[in-house]
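Enquirer: Using only what follows, build the 3D model:
(2 chains)
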Amino acid sequence: MILARLIRSLIFGFFAAFVISSPAYSDTIAEIKGRGYLKCGVSQGLPGFSTADKNGNWFGIDVDLCRAIAAAVLGDAAKVKFTPLSAKERFTALQSGEIDVLSRNTSWTLQRDAALGIDFAGVTYYDGQGFMVHKKLNVTSAEQLLNASICVQIGTTTELNVSDYFRARKIKYKLVTFEKNDEVVAAYGAGRCDAISSDQSGLYAERTKLRVPDEHVILPERISKEPLGPAVRHGDNRFGDVVRWVLYTWFEGEELGIGQATIASLASSGRPDVRRMLGIEGELGKNLGLDNEFSKRILTQVGNYAEVFDRNLGANSPLKIERGMNSLWNKGGLHYAMPFR
Amino acid sequence: MAKSPSRVRDIFIQALFFAGLVAFLSFAAHNVSTQLAARGISSGFDFLSHQAGFGIAFHLLPYSETSTVFQVFLVGAVNTLFISVVSIVLASVIGLIIALFRLSPLPVLRAVGTFYVETLRNVPLLLQFFVWYFAVLRQLPMPLESYSLWGRVFLNIRGLYIPFPDDVSAVWIVIGSLVLGLTAGHFLNQYAVSRRRALGRFPAWHFLSYALPIVFPLVAVLLLRTRVEFLVPFLEGFNFSGGAQIVPEFIAAILALSLYTASFIAEIIRGAIGAVSRNQTEAALALGLTPAQVLSRIIFPQALGHIIPPLTSQYLNLIKNSSLAAAIAFPELVLVFAGTSLNVSGQAVEIMTMTLGFYLVVSLSVSALINLYQARALRYERR
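Expert: The predicted structure follows:
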């Protein structure tokens, strides 16, 4: 099965190299409009970020970003085709044009930005890698995990961060790497590992899958910076701009208090910044190659960042993750929209 | 002998085809690299000398986080070969036993054999990996409650911990002397057999050919004894330090691979033995051979010709199936190299090509070796 996947990706690699002889720097926006829907690469199931229910409807913050892009470019947030991708497949899928945008809890790193032919358009969620342990171990810090076995899932920078963390502190450790997340959780549940390491948002999600979630605690250490964000193909700067400003629309919407809940009542607002966001004044959308109401559609059909966050990750979700670093800049967080001018 | 025109034409066509193939492949390679460059994706094999950066829980070669990506390839390849070889040996032995069960005159043994074959070969292998893995884990205690043997060997859910020399080369010296002893003993035995033809009995020194494989490693151990210190595992933090660790993933992978493949091998052996005419058994028994002799001297040598070709396929399948061990976290090639290293470097085409190349080379070598063996083993068979 794994070998079959291996062969498939090799064949795919050659296929991509042979068949796609069209210029590498194509016009993604025109392709999306011509096709009538956006092709969005998401995860194979990470609660809060991208999961499908049994009817095939997708939910999550990464999913909502693609809906927002579709609302901006095509006018309808529903015109998205989601492709679940493994960590291994994701970059190849984007490089080869199988998807238009990769919105799949992917960390923005120098190596990925520079060497893989992709560009990151911003950060949807500031995450960091952490550890989860059983409460009965009485561990309060990751520095106490001498000789611990750490279960991780393959396919991220996870292994590198764990190795770096323990190496820097000269703490012996054993890394147990699984292909699928379900096995990571099962092996941890069976006692194979003392700790699981993953992005903290992921740990909150995994904890809900364990038999008695309250018996497990997420340690305070963040051993890495994991800025998760959408990526597009390198070279198509126009589409990259659109994705970036769709994301900024979320933040600006929250900052100005424009969201699904309030947008109707703000239609007659006299504030110039609100009027620009709603496309009543200015030519902001035209500059992007869209129409001036693109941000209004995003905020109407998908909502602003606070609404998206609460619905998928925060207070109104099973995960109950605090805003923390993911607050807006004026509330002590890191999210900051460039000026809409 | 002068070449006939048709033979010349055949060679010409083959050369043309070969040249076409080479041209096509070099065009493909060129196309891939230029297309990757055009998309701003790095290509080439420079990444092999980059630092790996992550730990591997089970490695037979020296390895640390500061090793190179190429060492990841080697560690993964050796781990793949290691579980494959161990599983092939186990699968062959178990397969033979089950085949004999299935041919047994005792109905109980026949039923056991049939039950074994029909259950194991009809359940998907990946499922068997998980069943064995979680079954193995369930049996083992947590580190603080480890099973202990003389306070030196420990078994817990993290694995089996055994004392191990501080210098790994000592182990290789002992293994090397064992191989040397076996080789020397083999040739000595052949010489003794040829002398028997002349003397009418074995020469007095014949026992040496059996003693050498024991004496050689024994001498090596005695010589190394004072120079090597055994590191005994001791509890430190959450687990044992020192000594060598055999991870439970290894045990589960071996169990899954060998028990599954044994069910196919059993059927191959049973079929091959069945293909040897029954009259031969009767004739041999009539000559006064014991049933064991009949099997080992009469039936088995003839069955071998029917066993080897399908057995080769099973061995090759097993080697490729070993990649499924990635699902239960055994750090073999697909997991560490085509997995983690691929994710770190992102160079899918190069890494997948190397991985496929490895499996191809191993598979072709195994078939070549077995073909060679078959040609030798069957040279007396041909009429």
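
Enquirer: Share the number of residues neighbouring the closest residue to residue B:232 other than its chain neighbours, please.
Expert: Spatial nearest neighbour of residue B:232, excluding adjacent residues (C-beta to C-beta, 6 or more residues apart in numbering or on different chains): residue B:163 at 4.7 Å. In short, each C-beta sits where N, CA and C put it, glycine included. Applying other C-beta atoms under 10 Å in any protein chain shown, we find 15 residues neighbouring residue B:163.

Enquirer: quick one, what contacts residue B:163?
Expert: Under the criterion of C-beta atoms under 8 Å, 6 or more residues apart in numbering or on different chains, the neighbours of residue B:163 are B:152-153, B:230-233, B:243-244.

Enquirer: Next, it: phi, psi?
Expert: With angles defined as degrees, to the nearest 10, residue B:163 sits at phi -60, psi 150.

Enquirer: Report the closest residue of chain A relative to chain B.
Expert: Of all residues in chain A, residue A:146 sits closest to chain B, at 2.8 Å by C-beta to the nearest C-beta.

Enquirer: which SS state does that residue fall under?
Expert: Secondary structure, DSSP: H, G, I helix; E, B strand; the rest coil: residue A:146 is coil.

Enquirer: Next up, the contacts around it.
Expert: By C-beta under 8 Å, 6+ apart, the neighbours of residue A:146 are A:171-172, B:236-238.

Enquirer: List the contacts of stretch B:262-281.
Expert: Residues outside stretch B:262-281 that contact it (C-beta under 8 Å, 6+ apart) are B:90-92, B:94-96, B:98-99, B:101-103, B:113, B:116-117, B:120-121, B:294, B:298-300, B:302-307, B:310-311, B:314, B:317.

Enquirer: Keeping just the C-alphas, turn that stretch into CSV.
Expert: Extracted C-alpha coordinates of stretch B:262-281, given in CSV (Å, rounded to 0.1, in the frame of the first residue of the first chain):
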residue,chain,number,x,y,z
ALA,B,262,4.7,-18.5,6.1
SER,B,263,1.1,-19.2,5.2
PHE,B,264,2.0,-18.8,1.5
ILE,B,265,5.3,-20.7,1.8
ALA,B,266,3.5,-23.6,3.6
GLU,B,267,1.2,-23.9,0.6
ILE,B,268,4.1,-23.8,-1.9
ILE,B,269,6.0,-26.5,0.0
ARG,B,270,2.9,-28.7,0.4
GLY,B,271,2.1,-28.4,-3.3
ALA,B,272,5.7,-29.2,-4.3
ILE,B,273,5.9,-32.3,-2.0
GLY,B,274,2.5,-33.4,-3.4
ALA,B,275,3.9,-33.2,-6.9
VAL,B,276,6.5,-35.8,-6.1
SER,B,277,5.1,-39.2,-7.1
ARG,B,278,3.8,-41.3,-4.2
ASN,B,279,5.5,-44.4,-5.7
GLN,B,280,8.8,-42.9,-4.7
THR,B,281,7.9,-42.8,-1.0
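
Enquirer: about what we covered before: quick one: buried ones out of the contacts of residue A:146?
Expert: By the neighbour-count criterion of 16 or more other C-beta atoms under 10 Å in any protein chain shown, those include these buried positions: A:171-172, B:237-238.

Enquirer: Which ones among those lie within strands?
Expert: Among those, no member is found in strands (DSSP state E).

Enquirer: Distance to residue A:152 and pLDDT for those residues - can I get that in TSV?
Expert: Shown next, in TSV, are the buried ones among the contacts of residue A:146 (distance: C-beta to C-beta, whole Å; pLDDT from 0 to 100):
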residue	distance to residue A:152	pLDDT
A:171	16	88
A:172	16	86
B:237	19	77
B:238	16	79
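
Enquirer: Turn the residues you listed into a markdown table, columns for distance to residue A:192.
Expert: As requested, the buried ones among the contacts of residue A:146 are arranged in a markdown table below (distance: C-beta to C-beta, whole Å):
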| residue | distance to residue A:192 |
| --- | --- |
| A:171 | 19 |
| A:172 | 17 |
| B:237 | 17 |
| B:238 | 12 |
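
Enquirer: thinking again about what came up before, from the contacts of residue A:146, which ones fall inside helices?
Expert: Here DSSP state H is the test, and those give no hits in helices at all.

Enquirer: Just name the closest of the residues you listed to residue A:306, please.
Expert: Using C-beta to C-beta, residue A:171 comes nearest to residue A:306 of these, at 39.3 Å.

Enquirer: how much space between that closest one and residue B:207?
Expert: Remark: distance between residue A:171 and residue B:207 (C-beta to C-beta, to the nearest Å) = 55 Å.

Enquirer: what does residue A:46 give?
Expert: Here the criterion is C-beta to C-beta. By it, residue A:46 lies 68 Å from residue B:207.

Enquirer: So between those two, which is more surrounded?
Expert: Set residue A:46 next to residue B:207 and count neighbours by other C-beta under 10 Å: residue A:46 wins out with 21 against 11.

Enquirer: Low-confidence stretches in the chain?
Expert: Here I'm looking at chain A. A:1-25, A:155-156 (pLDDT under 70).

Enquirer: meant chain B actually
Expert: B:1-4, B:39-42, B:378-383.

Enquirer: And the residue nearest to the spatial centre of it, its phi and psi?
Expert: With distances taken as C-alpha atoms, centre = their mean, the residue of chain B nearest its centroid is residue B:85 (1.3 Å). The phi/psi pair for residue B:85 (degrees, to the nearest 10) reads phi -60, psi -50.

Enquirer: and what of residue A:236?
Expert: In terms of degrees, to the nearest 10, the main-chain angles of residue A:236 are phi -90, psi 80.

Enquirer: Next up, phi/psi of the closest residue to it other than its chain neighbours, please.
Expert: Nearest non-adjacent residue to residue A:236, counting by C-beta to C-beta, 6+ apart: residue A:28, 4.9 Å away. Dihedral pair for residue A:28: phi -60, psi -40, per degrees, to the nearest 10.

Enquirer: and the gap between residue B:116 and residue B:91?
Expert: For residue B:116, the distance to residue B:91 - C-beta to C-beta - is 13 Å.

Enquirer: Hmm, I typed the wrong one, I wanted residue A:66.
Expert: According to C-beta to C-beta, residue A:66 and residue B:91 sit 48 Å apart.

Enquirer: more neighbours, the two?
Expert: Comparing residue A:66 with residue B:91 by neighbour count (other C-beta under 10 Å), the higher total belongs to residue A:66, at 32 against 25.

Enquirer: Which residue, other than its chain neighbours, is closest to the more buried one?
Expert: Nearest non-adjacent residue to residue A:66, counting by C-beta to C-beta, 6+ apart: residue A:40, 3.6 Å away.

Enquirer: All good on my end, thank you.
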